[in-house]
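> Pasting the sequence and the predicted coordinates here, then a few questions.
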Amino acid sequence: MLCEQPPGVTWIARDRRNWVRFDDDGVTVRNGSRTYRVTWAEVSLFGVGPAAGRDWALAVKLRDGRDITAAATRGLLDSPDIVAAIR
């Protein structure tokens, strides 16, 4: 599900525990009980990372070499709405 919020804020939510938020400050990824908050300065690029099973999901690649895979996007990367929101 893609939800539009105030200008400059976009959410991609699978459920209450798995979501991604893009805003002026950066990216917040909630995977179950773990939340990752990164600023835009920390983000190197966006890519695709493995998710559960054979699915793929959005991966936030950080400048320090870490990847944060957004479980909320698992299996959704073929959706034009999701790809447009990420771009």
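Arrived safely, thanks for sending.
> so where do the helices sit in this protein?
Applying DSSP state H to the chain gives helices spanning 80-86.
> Show me the shaky parts of it.
For the chain, applying pLDDT under 70 flags the ranges 1-7, 52-54, 77-87.
> run the last query once more with 90
Applying pLDDT under 90 to the chain flags residues 1-16, 46-59, 71-87.
> And the strands in it, which stretches?
Applying DSSP state E to the chain gives strands spanning 2-4, 10-15, 18-23, 26-31, 34-39, 43-50, 56-62, 67-69.
> Turn those into TSV, columns for distance to residue 75.
The C-beta positions use only the backbone N, C-alpha and C, and glycine is treated the same way. Supplementary listing: the strands of the chain in TSV, determined by distance: least, C-beta to C-beta, whole Å:
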stretch	distance to residue 75
strand 2-4	14
strand 10-15	9
strand 18-23	12
strand 26-31	15
strand 34-39	20
strand 43-50	12
strand 56-62	8
strand 67-69	12
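> Same list (those strands) but as CSV, adding distance to residue 76 and mean neighbour count.
Putting these into CSV (distance: least, C-beta to C-beta, whole Å; neighbours: other C-beta atoms under 10 Å) gives the following:
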stretch, distance to residue 76, mean neighbour count
strand 2-4, 9, 11
strand 10-15, 7, 17
strand 18-23, 10, 20
strand 26-31, 14, 20
strand 34-39, 18, 13
strand 43-50, 11, 13
strand 56-62, 8, 20
strand 67-69, 13, 18
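> Report the contact partners of the closest residue to residue 30 other than its chain neighbours.
Spatial nearest neighbour of residue 30, excluding adjacent residues (C-beta to C-beta, 6 or more residues apart in numbering): residue 19 at 5.0 Å. The neighbours of residue 19, taking C-beta atoms under 8 Å, 6 or more residues apart in numbering as the test, are 11, 12, 13, 29, 30, 72.
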